[in-house]
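# below: sequence and its predicted model.
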Amino acid sequence: MSEKSIPPLKEKRILLGVTGSIAAYKAVELASRLTQAGALVDTILTQAATRFVAPLTFQSVTARQAYADQDLWNGQEHVLHVKLAEWADIIVIAPATANTIAKLAHGLAEDLLSLTALSFTSSPPRIITPSFLIAPAMDAGLWKNPAIQKNVATLKKQGALTIGPEQGHLASGLDAAGRMSEPENIFREIRYQLSRRGPLAGKKFVVTAGPTQEPIDPVRFLGNPSSGKQGFAVAQAALDQGAQVTLIAGPTALAAPRGAEKIDVQTAEEMTNAVLSNCPRADALVMTAAVADFKPAKSYAQKLKKENGLTGINLKRTQDILTQVGRLKKKTGWPKIVVGFAAETENLIANAQDKLNKKALNLIVANNIAQPGRGFQSDTNQAILLAPGSVPKTLPLMTKEKTAVEILARITLLLKN
Ligand SMILES: Cc1cc2nc3c(=O)[nH]c(=O)nc-3n(C[C@H](O)[C@H](O)[C@H](O)COP(=O)(O)O)c2cc1C
């Protein structure tokens, strides 16, 4: 199993259909990405697809079977299309040509891919829904054609999920809608869809991430170097377990994980309001954000001119979010689990333990940001998990993604108890 195994994809049986579009070469990257994430990927190429890319390419990146259309007739497998339709957890056709979309919408089962896909969709209700994804790719004129739009609508009505197409450069030279979604976006969609029945399905998570910025004037602020990587990784790990996630983020350069409801904030006050309004009925609140403790006592409406000089900036305390969350929890019982983070430069355990007690947290994730490879900006972290009444657990130095998975495992246990 791959080192990079991702829970919702691990050992999932994905049947990748590849059709005769110039975008077929991009399906190789998708197959590779899914395989590296731990999925079992078998591929069916249409005859036209093999004009663009060879089955051997898919076999090489997936280390599994890639079928060409003639395999339907060579008799090596007993009714191959039925076997494949029964085997698959999910079918993804990427790229999907106008021709294959039309065949599926009209029930024309004349080749291995359409036969398999039609057998699959007419099977009894699948465990994973939606379990049929298509990523159309075609020139703009084709995509706009009412007959093709009608075929896509028919498939959607039958429960298929379409991804894209996106606006962008097309092989014809046009810049218009018709371009297959990027393999990474299709990957993210498959990851999200396959996670929906995970162990945390039905649980609501609120995760904060990134820095806050406290304005001095319209162009300057007090801030901190938090990148948001750890918080976004926690949000992704919760989504991977099936949770519904609200991600409240200060300014960062990161794209939200597919499926997260993202709320953008700038200041500590905005973050406080967003957190408090999302706490009711939250199973877990994970406060990963680096929230400013101080803000300028006065924020100037106009840019301060350097020629006028500045004698100093007075600061005042921002509102403490966890104190307010504590009050809310006492009154309403929500959020069920509150997880804090302690980024410290000295007396790590003592300071974290103090915060754990004072804020009545269920778990605190402590990390020493003064050491290299930990904390702000870094891709790795080394955290200690402290919970009331249990021995602190020191995690090894590892990626923020893996740290997030460990934190999630601990929250899952707390939710069970
Ligand atoms: C160079 C080239 C690029 C093509 N690109 C597309 C495309 O992006 N989308 C599409 O629907 N058809 C495209 N076609 C047409 C299909 O290959 C053709 O309709 C074929 O019959 C599709 O068969 P299939 O759906 O079984 O793969 C292209 C054809 C050529 C020659």
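Right, received. Where do you want to start?
# how far away is residue 215 from residue 304?
Separation of residue 215 from residue 304 (C-beta to C-beta, to the nearest Å): 11 Å. Where C-beta positions appear, they are placed from N, C-alpha and C, glycine not excepted.
# what of residue 369?
From residue 369 to residue 304 the distance is 30 Å (C-beta to C-beta).
# and stretch 309-328, how far out from the chain middle?
When distances are taken as C-alpha atoms, centre = their mean, to the nearest Å, stretch 309-328 is centred 32 Å away from the chain's centroid.
# end-to-end on stretch 310-327?
39 Å (C-alpha to C-alpha, to the nearest Å).
# swap that for stretch 378-386, sorry
22 Å.
# what comes up buried for that stretch?
378, 380-386 (16 or more other C-beta atoms under 10 Å).
# circling back: who's more crowded, residue 369 and residue 304?
With neighbours defined as other C-beta atoms under 10 Å, residue 369 and residue 304 compare such that residue 369 has more, 18 against 15.
# let me see the contact set for whichever residue of the stretch 301-417 of the chain sits closest to the ligand.
In the stretch 301-417 of the chain, the residue that lies nearest the ligand is residue 401 (34.3 Å; C-beta to the nearest ligand atom). Neighbouring residues of residue 401 by C-beta atoms under 8 Å, 6 or more residues apart in numbering: 233, 236-237.
# quick check: closest non-adjacent residue to the residue of the stretch 151-300 of the chain found nearest the ligand.
Nearest to the ligand, among the residues of the stretch 151-300 of the chain, is residue 171, at 6.3 Å (C-beta to the nearest ligand atom). Distances taken as C-beta to C-beta, 6 or more residues apart in numbering put residue 22 closest to residue 171, at 4.6 Å, once the chain neighbours are dropped.
# I'd say residue 137 and residue 183 touch.
No - taking contacts as C-beta atoms under 8 Å, residue 137 lies outside contact range of residue 183: 11.6 Å.
# more neighbours: which of the two?
Comparing residue 137 with residue 183 by other C-beta under 10 Å, the one with more neighbours is residue 137, at 29 against 20.
# what are the phi and psi angles of the more buried one?
With angles defined as degrees, to the nearest 10, residue 137 sits at phi -150, psi 120.
# same check, this time on the one 10 residues further on
The phi/psi pair for residue 147 (degrees, to the nearest 10) reads phi -70, psi -40.
# so who does it touch?
Counted by C-beta under 8 Å, 6+ apart, residue 147 has contacts residue 102.
# repeat that for residue 259.
Contacts for residue 259 (C-beta under 8 Å, 6+ apart) come out as 192, 195, 239, 245.
# buried residues in stretch 247-258?
Buried-residue list, stretch 247-258, by 16+ other C-beta under 10 Å: 247-250, 252, 254, 256-258.
# and what of stretch 342-362?
342-344, 348, 351-353, 355-356, 359, 361-362.
# which stretch of helix or strand covers the closest residue to residue 28 other than its chain neighbours?
Nearest non-adjacent residue to residue 28, counting by C-beta to C-beta, 6+ apart: residue 57, 5.4 Å away. Secondary structure from DSSP states H and E places residue 57 in helix 55-62.
# which strands and helices sit next to the helix or strand following that helix?
Next helix or strand after helix 55-62 toward the C-terminus (DSSP H and E): strand 66-67. Contacts defined by 3 or more C-beta pairs under 8 Å, 6 or more residues apart in numbering; DSSP states H and E place strand 66-67 against strand 40-45, helix 55-62.
# list the helices and strands the last one packs on?
Helices and strands touching helix 55-62, by 3+ C-beta pairs under 8 Å, 6+ apart, are helix 24-36, strand 40-45, strand 66-67.
# adding distance to the ligand and mean neighbour count, write those out as TSV.
Shown next, in TSV, are the helices and strands packed on helix 55-62 (distance: least, C-beta to the nearest ligand atom, whole Å; neighbours: other C-beta atoms under 10 Å):
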stretch	distance to the ligand	mean neighbour count
helix 24-36	8	21
strand 40-45	8	25
strand 66-67	13	24
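# would you map the strands across the stretch 201-350 of the chain?
Secondary structure of the stretch 201-350 of the chain by DSSP state E, counting those that start in this stretch: the strands cover 204-209, 214-217, 220-222, 244-249, 261-264, 284-287, 294-296, 315-317, 337-344.
# go ahead and confirm residue 283 touches residue 337.
Yes - if you go by C-beta under 8 Å, residue 283 and residue 337 touch, sitting 6.6 Å apart.
# what is in contact with those two at once?
residue 415.
# re earlier: ok, residues contacting the helix holding residue 57?
For helix 55-62, the surrounding residues in contact (C-beta under 8 Å, 6+ apart) are 16, 18, 27-28, 31-32, 34-35, 41-43, 45, 65-68.
# for those, which one is nearest residue 226?
Checking those against residue 226 by C-beta to C-beta gives residue 34 as the nearest, at 31.6 Å.
# spatially nearest residue to the closest one (excluding sequence neighbours)?
Distances taken as C-beta to C-beta, 6+ apart put residue 41 closest to residue 34, at 5.1 Å, once the chain neighbours are dropped.
# residue contacts, the one you found?
Residue 41 neighbours (C-beta under 8 Å, 6+ apart): 14-16, 31, 34-35, 58, 62, 64.
# now, the most widely separated pair of those?
15 and 35 (13.3 Å).
# which secondary element of this structure has the worst mean pLDDT?
One helix or strand of the chain scores below all others by mean pLDDT, DSSP states H and E: strand 380-381, with a mean of 82.
# output the contacting helices and strands for the helix or strand that it is followed by.
Scanning forward in sequence from strand 380-381 by DSSP H and E, the next helix or strand is strand 383-386. Here strand 383-386 touches helix 348-358, strand 363-368, strand 393-394, helix 400-416, going by 3+ C-beta pairs under 8 Å, 6+ apart.
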